[in-house]
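Undergrad: turn this into a structure:
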Amino acid sequence: MNPDIGLLINDKAHMIKLYFKGEKLTARRVQTMLHLMIAALGESRPDAISAILDVRRGRFHIPGNPIADIDALLAGQAAAFTTMWNQITI
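TA: Numbering: from 1, shown residues only. From the prediction side, this is the model:
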């Protein structure tokens, strides 16, 4: 998940994903998205804070309490998707 903008807020680097969709962001979805951003950007910008700006609602989300075993849950979803994708004949 790639950030859309980078800003300095109070002298701290923030990598921000802009969210424009009408569907409301749940806390679980926010934490999952932020986890993926941190995993993708962590090595290149370990000092930066990943964040999501819900543009329609004016809400700024930063990482909170991590979801327990999120890496295992994401790996399971990726494996399920890969299995289904490989079974599709086009």
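Undergrad: report how many residues lie close to V30.
TA: 19 (other CB atoms under 10 Å). Every C-beta, even on glycine, is put in place using the N, C-alpha and C of the backbone.
Undergrad: please name the nearest non-neighbouring residue to it.
TA: Counting by CB to CB, 6 or more residues apart in numbering, V30 lies nearest to H61, which is 4.7 Å off, once chain neighbours are set aside.
Undergrad: if we look at the longest strand seen in the chain, which residues are touching it?
TA: Criterion DSSP state E: the longest strand present in the chain is strand 12-19. Strand 12-19 has contacts (CB atoms under 8 Å, 6 or more residues apart in numbering) with 1-8, 25, 33, 37, 41, 45, 47-56.
Undergrad: likewise stretch 26-42?
TA: Counting by CB under 8 Å, 6+ apart, 1-3, 15, 17, 48, 50-52, 61-67, 70, 74 sit against stretch 26-42.
Undergrad: least trustworthy helix or strand in the chain by mean pLDDT?
TA: Sorting the helices and strands of the chain by mean pLDDT, DSSP states H and E puts helix 27-41 at the bottom, at a mean of 88.
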